[in-house]
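Peer 1: based on what follows, work out the 3D shape:
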Amino acid sequence: MENQVKIHFLGAAGTVTGSKFLLETPELNILIDCGLFQGIKSLRELNWKDFPFDPKAIDLILLTHGHLDHTGYLPRLVKQGYKNPILGTPPSLGIAEVILNDSAKIQEEDAERANKEEYSKHEPALPLYTTKDAEKAIGLFQSINLDEWYQISENIKYRYQANGHILGSAFIELDIFNKRFVFSGDIGREKDLLLEPPKKPEKVDYLFLESTYGDRLHPEDNSDEIFTEAIKDTIRNNGNLIIPSFAVERLQGIMYRLYLLIKANKIPNIAIYIDSPMGNKVLGLFEGFSKWHKVDAAEFRKMLSYFNIITSYRDTWKTIDEKRTKVVIAGSGMVTGGRVLTYLRYLIDKPETTVLLAGYQAEGTRGRQLENGAAEIKIFGKYCPVKAKILKIESLSAHADQGELLDWLSEIKNVPEKVFLIHGEPTALDSLRVKIKDLYNWEIDIPQLHDITSLKL
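Peer 2: Just a heads-up that it's a prediction; the model follows:
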């Protein structure tokens, strides 16, 4: 008797964000990731639509890692009726808890600001979800171990293996009726400052492979030199260096790089402020899960003493008003929200300001606009002229590039029945398709949003 598995591509299909993959099987319905759409308006509007599958009929959610585009829809799904376990590694669930609470708070604040300043088309403007919604989702979290098989029904079991990227991140192997489904999650770098190299799968029948950087190799730019020169330039101009940063991994990685430069006497004496409430909490997770990264616990605590950690919004304003030259590292990394918007609102129109973009900037974000040379950006309903110098570091990405993605496949001993390329923009998806076809001659599929693929096992 044939068993049929239906794969519902509910996010990160034909695009980078909103990762959601539903496996409808004869025994269980399993959702891999439950992310929020980010970027262009047409994608963000999808977050407001009801989930296209009955949430009450989903038996289990497996999270590859804690990032918003992999976890941010959870409160909406729970609000629509999902009540079963949400599983992930302990650090991933810790990060997801921080991110969901932060996301809910920002959405509540944005809605309140939009109503107060009357720049929303909706009356009243409402948050996508509230902190209470986030707390209900967090209440369903259950942690699992790496490298351990979990039998969840007669013919289905799963295992997590570390894949770099961020603290606690993993790829997921699912054995369903003796066929192995592998969800790569977001694959990290071979040479990461904080994390061990990704593990690699050895057997795959159906592979769901991220393609964020499927069309490029990360340049070998000298990030330490770029940081050093940007700081020296900022001091010469008596200005401010603003570094928008992702709160998870990127912030900690930047801090550690700057700390090493300070220790080596390569950075002149300058005040460095960390203004990311969510990032501060993730710093606490790095301390609590010291065995999950490469930095010694004592060294990590010593690093923290070199930075001014901002804990209140009042101190944000004090830092903006402070006349002395300084570096500010603030969320969010794509300039979509967070404290960095407050700094940019008052400093981006000054030619002595430098903005250093230190990560991937998705289509439709302010970060992408700045990267593309925008003359102005809209912040809190007002257009701000861009007179600041815009710099970018390419090499700090937490995502594997094309070469590293291909290498991640190198230990697969069998020929997969099909490879689904996901989590990438169209050019990246197609470029990686050609490369895998040329190198391995595997069957490749590039699903689009809301596609359903039926597999007979």
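Peer 1: low pLDDT regions in the stretch 201-350 of the chain?
Peer 2: Counting by pLDDT under 70, the ranges of the stretch 201-350 of the chain that qualify are 221.
Peer 1: which residues in it form helices?
Peer 2: 223-236, 250-263, 277-288, 297-304, 313-321, 340-347 (DSSP state H, counting those that start in this stretch).
Peer 1: want to throw the ones you listed into CSV with mean neighbour count and distance to Q361?
Peer 2: Where you see a C-beta, it was placed from the backbone N, CA and C, and this is true even at glycine. Below are these laid out as CSV (neighbours: other C-beta atoms under 10 Å; distance: least, C-beta to C-beta, whole Å):
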stretch, mean neighbour count, distance to Q361
helix 223-236, 17, 16
helix 250-263, 20, 12
helix 277-288, 20, 18
helix 297-304, 14, 27
helix 313-321, 14, 23
helix 340-347, 20, 13
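Peer 1: TSV for these, including distance to T17?
Peer 2: Below are these laid out as TSV (distance: least, C-beta to C-beta, whole Å):
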stretch	distance to T17
helix 223-236	25
helix 250-263	17
helix 277-288	18
helix 297-304	31
helix 313-321	27
helix 340-347	19
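Peer 1: what's the nearest residue to D296 if we skip its chain neighbours?
Peer 2: Of all residues not flanking D296 in the chain, S290 sits nearest, at 7.7 Å (C-beta to C-beta, 6 or more residues apart in numbering).
Peer 1: wait, the one you found touches F300, no?
Peer 2: Yes. S290 lies in contact with F300 (C-beta atoms under 8 Å); the separation is 7.0 Å.
Peer 1: out of the helices of the stretch 201-350 of the chain, the one nearest S19 is which?
Peer 2: helix 250-263 (18.3 Å; C-beta to C-beta).
Peer 1: what's that closest one packed up against?
Peer 2: helix 223-236, strand 271-275, helix 277-288, helix 297-304, strand 326-330 (3 or more C-beta pairs under 8 Å, 6 or more residues apart in numbering; DSSP states H and E).
Peer 1: out of the ones you listed, which comes closest to T319?
Peer 2: Of these, nearest to T319 by C-beta to C-beta is strand 271-275, at 5.4 Å.
Peer 1: show me how this protein divides into domains.
Peer 2: Under the assignment automatic domain parsing, the domains of the chain span 4-216+398-456, 223-392.
Peer 1: quick one: pLDDT of the closest residue to I226 other than its chain neighbours?
Peer 2: Distance criterion C-beta to C-beta, 6+ apart; nearest residue to I226, sequence neighbours excluded, is I393 at 5.3 Å. The model reports I393 with a pLDDT of 90.
Peer 1: quick one, what contacts I393?
Peer 2: Neighbouring residues of I393 by C-beta atoms under 8 Å, 6 or more residues apart in numbering: 221, 223, 226-227, 356-358.
Peer 1: closest one of those residues to G424?
Peer 2: L357 (19.8 Å).
Peer 1: give me the neighbour count for that closest one.
Peer 2: Neighbour count for L357, taken as other C-beta atoms under 10 Å: 23.
Peer 1: need the phi and psi values for the residue lying closest to D50 once chain neighbours are set aside.
Peer 2: Residue nearest to D50 in three dimensions, not counting chain neighbours: Q80, with 6.3 Å by C-beta to C-beta, 6+ apart. Per-residue torsions, Q80: phi -90, psi 0 (degrees, to the nearest 10).
Peer 1: and if you look at K191?
Peer 2: According to degrees, to the nearest 10, K191 has phi -120, psi 90.
Peer 1: do I have it right that it meets P197?
Peer 2: Yes. Here K191 reaches P197: they are 7.5 Å apart, a contact under C-beta under 8 Å.
Peer 1: give me the more crowded residue out of the two.
Peer 2: For K191 and P197, the more surrounded residue by other C-beta under 10 Å is P197, and the numbers stand at 16 against 9.
Peer 1: ok, the nearest residue to the more buried one once chain neighbours are set aside to A400 distance?
Peer 2: Setting aside the residues directly before and after it, P197 is nearest to E190 in space (C-beta to C-beta, 6+ apart), at 5.0 Å. Here E190 is placed at a distance of 8 Å from A400 (C-beta to C-beta, to the nearest Å).
Peer 1: which residues are common contacts for those two?
Peer 2: With C-beta under 8 Å, 6+ apart, E190 and A400 have common neighbours P198.
Peer 1: higher neighbour count, these two?
Peer 2: Of the pair E190 and A400, A400 is the one with more neighbours under other C-beta under 10 Å, namely 27 against 15.
Peer 1: so what's that one closest to, chain neighbours aside?
Peer 2: Distance criterion C-beta to C-beta, 6+ apart; nearest residue to A400, sequence neighbours excluded, is I187 at 4.2 Å.
Peer 1: re the thing from before, now for the residue nearest to D50: which residues touch it?
Peer 2: 50-51, 55.
Peer 1: hang on, the earlier thing: in contact with the residue nearest to A400, which residues?
Peer 2: 163-165, 171, 198, 210, 399-400, 404-405, 408.
Peer 1: also W408?
Peer 2: By C-beta under 8 Å, 6+ apart, the neighbours of W408 are 184, 187, 198, 200-201, 400.
Peer 1: let's have those residues in a markdown table, adding secondary structure and distance to D69.
Peer 2: As requested, the contacts of W408 are exported to a markdown table (DSSP: H, G, I helix; E, B strand; the rest coil; distance: C-beta to C-beta, whole Å):
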| residue | secondary structure | distance to D69 |
| --- | --- | --- |
| S184 | coil | 14 |
| I187 | coil | 15 |
| P198 | coil | 19 |
| K200 | coil | 23 |
| P201 | coil | 22 |
| A400 | coil | 16 |
